[in-house]
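Undergrad: Sequence first, then the predicted structure:
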Amino acid sequence: MEITVDQMYQIENNGHAMGFLKKFMMENAGAAAVRRLVEKFDVTSKNILIFVGMGNNGGDGLVMARHLSGYGAIVTIQLLGSPDKIKTEESSWNWSILKKMPSVKLLSGDNLHFDFIPDVIIDAILGTGISGEIREPYVSAINYINNSSCFKFAVDVPSGLDPQTGETANIFVKSDMTVTFHKMKQGIPKRKDLTGELYAEKIGIPPEAEEGVL
Ligand SMILES: NC(=O)C1=CN([C@@H]2O[C@H](COP(=O)(O)OP(=O)(O)OC[C@H]3O[C@@H](n4cnc5c(N)ncnc54)[C@H](OP(=O)(O)O)[C@@H]3O)[C@@H](O)[C@H]2O)[C@H](O)CC1
Ligand SMILES: [K+]
């Protein structure tokens, strides 16, 4: 079954109100995404670069970073803004954990110079919260991703693809694998050329959270 982005937000909010907090959803989302990635790749000692947006799509990327470090990957995060401007509590919470983890390299701002060649790039820039023309520094980050020849993994939806309509913004990520959460959103399967291998993973949201929504 495919659902709308609005329905997804309603289900998320219902789950949160039941006590299954968005922080828990984010943890399960990041863990599910990593499971799919490590099923595909032995990430041990591999260089993984994660572009992190300022919203909860970015938050999922922060969770992935922590899990991937546990799998022995060499993880670098490029936060596309200033840490004090992270938009949500659940994302900030994960950033604060990572600040205590020397095993994960944290970069922030509009830097796009890295002293390594990534084996995998993770797009945790934009998800269901995309609106309008994509602005800098997200534009430059998406260009960097598309100009790289390594494996590209999109969190929830390739950034720049509208998960509701399947339309693309002025710029968009072309990925090799995409993992979306809870249920497939209507627009995503329309662009398998941008999603690559496509999965929808359950993240523990109570089915009762869908009552009155689906
Ligand atoms: N569905 C679930 O059960 C779960 C989903 N999760 C993840 O959460 C995201 C949705 O998070 P949200 O914070 O609502 O939105 P995004 O992170 O996608 O985007 C919002 C940020 O992006 C900026 N933005 C939006 N449009 C643009 C643009 N055109 N150019 C540049 N920047 C843009 C926006 O900035 P504003 O200034 O507009 O506020 C925000 O900073 C979902 O996709 C999942 O990945 C949960 O984590 C787990 C459960
Ligand atoms: K994304």
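TA: Now that the structure is in, tell me what you want to look at. Ligands and ions are numbered 1, 2, ... in the order given.
Undergrad: Contact residues of this protein facing ligand 1?
TA: Counting by Cβ under 6 Å from any ligand atom, the chain comes close to ligand 1 at 8, 12, 25-26, 29, 53-60, 87-88, 126-135, 138, 155-156, 181-182, 203. All C-beta atoms are positioned from the backbone trio N, CA, C, and that covers glycine.
Undergrad: Any of the residues you listed buried? List them.
TA: Taking 16 or more other Cβ atoms under 10 Å as the criterion, what is buried in the residues of the chain next to ligand 1 is 8, 12, 25-26, 29, 53-60, 88, 126-130, 134, 138, 155-156, 181-182, 203.
Undergrad: give me the subset of those touching ligand 2.
TA: residue 155 (Cβ under 5 Å from the ion).
Undergrad: Near ligand 2, which residues of the chain? Just list them.
TA: Residues of the chain lying close to ligand 2 (Cβ under 5 Å from the ion) are 123, 154, 155, 159.
Undergrad: Of all pairs in the residues you listed, which one is the farthest apart?
TA: Based on Cβ to Cβ, the longest span within the residues of the chain next to ligand 2 runs between 155 and 159 and measures 8.7 Å.
Undergrad: and which of the residues of the chain next to ligand 2 is nearest ligand 1?
TA: Of all the residues of the chain next to ligand 2, residue 155 has the smallest distance to ligand 1: 5.4 Å, by Cβ to the nearest ligand atom.
Undergrad: in the sheet, who's paired with the closest residue to that closest one other than its chain neighbours?
TA: The shortest distance from residue 155 to any non-neighbouring residue, by Cβ to Cβ, 6 or more residues apart in numbering, is to residue 124 (4.3 Å). Beta-bridge partners recorded for residue 124 (DSSP bridges): residue 52.
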